[in-house]
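K.L.:
with the sequence up front, the predicted model follows.
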Amino acid sequence: MIVYFVCRYFYPYLGGNEKQCLNLAKGLKEFKGVDVRIVTDHFSNDLLNDEKIYSIPIKRLNSISNLFYIGPHAISKKKQNLLDRIINRFRYTFTEYFFQLSVLIYLYRKRKNIDIIHFHQGSFTLVARLVMNLIKKPIIIKDSTYDGLEILRYLTVIPIPYKYYFQKINFIAISTQIKNNFITKYDISQDKIFLIPNGVDLTNVRRSDFIYQQCPKLLFLGNFWQGKIKGLDILLLAFAQVKNIFPDIKLIIAGSGNLDTYKGIINQYSLQENIEFVGSVSSHFEIFKENPIFILPSRSEGMSNSLLEAMAYGLPCISSKVSGSTDIIDDGLNGLLFDMGSVEGLVNCINNILNNPEKQEYFGTEAVKKINSSFKMEIIVQKYFELYASLI
């Protein structure tokens with residue numbers, strides 16, 4: 001079985017979607033012997049057009065991303081005037097269509113050696129239908145974010161019949177919320193939707209080296225350069241209230257972003273001495289081993305890899321009721337959930353665990369059970385393998 005993965009960006013950029021793409025490819029190759037090949041954008045001149053990662057062939061198609069300075073982090077969070085918005089929309093749309101056309105041509109040339117084509121972003125829906133018509137192969141689109149298909153409205157200047165493009169394409173919903181959104185907003189047929197969550201690799205998971213300290217710690221892990229979508233402002237406001245009751249508490253902030261963006265909140269509530277900013281970390285274990293309470297305050301997610309990893313390591317976890325989290329966390333059993341955007345709800349969850357230390361170990365133990373039963377990568381690989389086999 002030869003399966004082509006198409007992912008807009010890839011290694012060395014590894015966001016959540018790219019990590020899932022790589023881990024799924026590794027798992028399919030290791031556990032099922034599937035020949036997976038990854039097609040992506042040659043968005044930097046520092047990258048090779050062809051290479052292998054974990055023995056998986058990577059093809060980077062020549063791109064004009066460099067010309068327009070469009071790359072994985074090319075999302076401006078600054079206020080823009082009308083002219084800037086028009087220019088940036090043109091830059092993004094033009095480079096996106098150029099890349100998708102390159103994908104179409106490349107896959108057509110390889111059509112005799114393809115069994116399945118698996119696109120890893122909703123933005124590929126338009127080209128996916130063209131690919132299907134041209135090469136007559138099964139197409140799968142994984143929507144890696146909640147309402148990822150909304151990008152189609154941004155990419156098209158004039159209204160298009162989405163229903164036509166969605167026909168005959170198979171969609172992966174990584175959460176129940178995404179599946180319901182497919183049905184209610186886009187009227188996608190239920191028999192074309194397959195609920196397969198993200199998975200987590202448990203190979204290197206261990207708790208023997210965990211450090212148990214008297215000083216309570218909270219952990220935020222995410223790329224907050226993406227702006228308010230990650231909810232760091234919500235966590236900081238909640239942390240300020242919790243600090244009034246637990247003055248020695250620490251908040252570890254890990255991930256890419258400029259913490260100065262939040263200096264107004266930090267200074268207003270005198271949080272400087274209680275925050276430890278560690279930036280990007282190559283190994284999450286190094287911060288997990290301090291046994292913090294993991295907080296996911298996001299306003300939007302597909303299914304958080306960080307939450308999956310934290311639960312796999314047995315950390316007590318608190319999350320907003322975003323896509324994915326409501327599938328992973330059984331509220332009050334293996335973690336706690338709060339209403340999206342609710343500072344008071346988050347404060348109550350944090351205080352609940354800090355005032356009841358026994359819950360920290362209990363939630364962690366139950367979290368590990370949930371991951372092992374439903375989200376470990378071997379289980380997810382098996383679901384994809386069965387789906388591929390049914391479509392060929």
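P.N.:
Structure received.
K.L.:
contacts and neighbour counts: CA atoms only from here.
P.N.:
Will do.
K.L.:
shaky segments in the stretch 1-150 of the chain?
P.N.:
For the stretch 1-150 of the chain, applying pLDDT under 70 flags the ranges 65-80.
K.L.:
how about the host helix or strand of residue 58 as PDB, C-alpha atoms only?
P.N.:
Using DSSP states H and E, residue 58 sits in strand 56-61. C-alpha atoms of strand 56-61 as PDB (Å, rounded to 0.1, in the frame of the first residue of the first chain):
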ATOM      1  CA  ILE A  56      10.200   8.200   5.100                       C
ATOM      2  CA  PRO A  57      10.700  10.000   1.800                       C
ATOM      3  CA  ILE A  58      10.100  13.700   1.900                       C
ATOM      4  CA  LYS A  59       9.500  15.700  -1.300                       C
ATOM      5  CA  ARG A  60       9.600  19.400  -1.000                       C
ATOM      6  CA  LEU A  61       8.000  21.000  -4.100                       C
END
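K.L.:
for that strand, which strands pair with it and how are they oriented?
P.N.:
Strand 56-61 sits in its sheet next to strand 35-41 (parallel), strand 50-53 (antiparallel), going by DSSP bridges.
K.L.:
flag every buried residue along the shortest one.
P.N.:
Think strand 50-53. Of all the residues in strand 50-53, not one is buried under the rule 16 or more other Cα atoms under 10 Å.
K.L.:
identify the residues contacting it?
P.N.:
Residues from elsewhere that reach strand 50-53 (Cα atoms under 8 Å, 6 or more residues apart in numbering): 57-60.
K.L.:
what's the most distant pair in those residues?
P.N.:
Maximum pairwise distance in those, criterion Cα to Cα, is 9.9 Å, between 57 and 60.
K.L.:
now that residue 39 has come up, it's in contact with residue 61, right?
P.N.:
Yes - judged on Cα atoms under 8 Å, residue 39 makes contact with residue 61 at a distance of 7.2 Å.
K.L.:
have a look at the two and say which one is more surrounded.
P.N.:
Each of residue 39 and residue 61 has its neighbours counted (other Cα atoms under 10 Å); residue 39 has more, 22 against 19.
K.L.:
pull out the buried positions in the strand holding residue 58.
P.N.:
Buried residues in strand 56-61, defined by neighbour count with 16+ other Cα under 10 Å: 56, 58-61.
K.L.:
closest to residue 307 among these?
P.N.:
The shortest approach to residue 307 among the buried residues of strand 56-61 belongs to residue 56, at 26.7 Å (Cα to Cα).
K.L.:
hmm, back to that, make JSON lines out of the strands paired with strand 56-61 and add distance to residue 170.
P.N.:
As requested, the strands paired with strand 56-61 are exported to JSON lines (distance: least, Cα to Cα, whole Å):
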{"stretch": "strand 35-41", "distance to residue 170": "18"}
{"stretch": "strand 50-53", "distance to residue 170": "27"}
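K.L.:
for residue 189, find the nearest of those strands.
P.N.:
Comparing those under Cα to Cα, the one sitting nearest is strand 35-41, at 27.7 Å.
K.L.:
next one: the closest one to chain centre, how far?
P.N.:
How far strand 35-41 lies from its chain's middle: 19 Å, per Cα atoms, centre = their mean, to the nearest Å.
K.L.:
and for stretch 90-100?
P.N.:
Remark: stretch 90-100 is offset 22 Å from the chain centroid, using Cα atoms, centre = their mean.
K.L.:
kindly export that stretch (C-alpha atoms) in PDB.
P.N.:
These are the backbone C-alpha positions of stretch 90-100, laid out as PDB (Å, rounded to 0.1, in the frame of the first residue of the first chain):
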ATOM      1  CA  PHE A  90      -3.100  38.500  -2.200                       C
ATOM      2  CA  ARG A  91       0.300  37.200  -1.000                       C
ATOM      3  CA  TYR A  92      -1.200  34.300   1.000                       C
ATOM      4  CA  THR A  93      -3.800  33.400  -1.600                       C
ATOM      5  CA  PHE A  94      -1.400  33.500  -4.500                       C
ATOM      6  CA  THR A  95       1.300  31.300  -2.800                       C
ATOM      7  CA  GLU A  96      -1.400  28.900  -1.600                       C
ATOM      8  CA  TYR A  97      -2.800  28.400  -5.100                       C
ATOM      9  CA  PHE A  98       0.700  28.100  -6.600                       C
ATOM     10  CA  PHE A  99       1.600  25.400  -4.100                       C
ATOM     11  CA  GLN A 100      -1.700  23.500  -4.600                       C
END
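K.L.:
in it, what's buried?
P.N.:
Using 16+ other Cα under 10 Å as the burial criterion, the residues of stretch 90-100 that qualify are 91-96, 98-100.
K.L.:
return the closest of the residues you listed with respect to residue 247.
P.N.:
residue 92 (46.3 Å).
K.L.:
distance check, that closest one against residue 235.
P.N.:
Distance of residue 92 to residue 235, given as Cα to Cα, to the nearest Å: 32 Å.
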